[in-house]
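sequence? don't have it. structure:
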Ligand SMILES: Nc1ncnc2c1ncn2[C@@H]1O[C@H](COP(=O)(O)OP(=O)(O)OP(=O)(O)O)[C@@H](O)[C@H]1O
């Protein structure tokens, strides 16, 4: 639970993740990022428990992407601490955070358009000693692209490209996956496919932190939601409570529900 520094930040309720585990996999303490005079992330205390799917919502400019980039190591904090599975993240470079089990899929697809689906999946596996054929078969099955394994990625739909990129991350068996707006620009069917993929990876034990504006999608995947506003955690709790919260509705949901 946080101790809010800002008088506008309300006390956060305790977070019951899936109801089966309350062991933190990720926690931040006083995490702060300033860009010159702008404080994008403002003394954030934030915890994600093992085995949960946590959604992070908030208006444009709330600091969501900055928070993700601090966790993955793309950005360095101005102040504060971050721990992942008992490890102090400030000691780790971005690639070492990946090796520790953190994987990230940013908003726009980072796939190799000229390579086939299977060749894309081989890219992250090149630097591992995994049984590549076994991992490939399992991943193609998981992302429902086995029939398109030999097609160039450029021929895939937007939703399939996003699934492929999640698949590339999944080949490395991350324990913690960060997704930044994974269903932006998708049709309802494509969105449902991503929700199903996330739920099935979650059933296999993966923990998720998902930034998303699409509240219909948030309802499908998440029990616990954290609301970020002006760089601070405004509140967090079960999706039903968040959607009923008048202040959250005023600053955010009124425009996006
Ligand atoms: N590299 C940067 N340099 C300067 N300011 C930045 C930088 N990155 C982000 N900001 C600012 O920090 C604040 C938080 O931005 P951030 O992108 O984290 O918000 P967000 O919640 O992800 O917004 P959105 O939903 O629009 O993606 C914004 O005011 C933004 O302009």
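Ah, there it is. Given the structure is predicted, the values throughout are model-derived calculations rather than measurements.

can you count the residues close to residue 46?
When counting by other Cβ atoms under 10 Å, one arrives at 24 neighbours for residue 46. (Each C-beta comes from the backbone N, C-alpha and C, glycine too.)

That should have said residue 108, apologies.
With other Cβ under 10 Å as criterion, residue 108 counts 13.

residues touching residue 238, list them.
Listed by Cβ atoms under 8 Å, 6 or more residues apart in numbering, the contact set of residue 238 reads 223, 224, 225.

so how far is residue 225 from it?
According to Cβ to Cβ, to the nearest Å, residue 238 and residue 225 sit 8 Å apart.

quick check: mean pLDDT across stretch 83-91?
For stretch 83-91, mean pLDDT rounds to 91.

Name the residues of this protein found near the ligand, please.
Residues of the chain lying close to the ligand by Cβ under 6 Å from any ligand atom are 35, 38, 40, 58, 60, 61, 62, 63, 64, 65, 66.

who's in contact with residue 167?
Residue 167 neighbours (Cβ under 8 Å, 6+ apart): 120, 121, 139, 140, 142, 143, 145.

again, only this time at 6 Å
By Cβ atoms under 6 Å, 6 or more residues apart in numbering, the residues touching residue 167 are 121, 139, 143.

now residue 118
Residue 118 touches residue 149, counting by Cβ under 6 Å, 6+ apart.

That one is in what secondary structure piece?
helix 117-125 (DSSP states H and E).

buried sites along that helix?
By neighbour count on 16 or more other Cβ atoms under 10 Å, the buried set for helix 117-125 is 117, 118, 120, 121, 124, 125.
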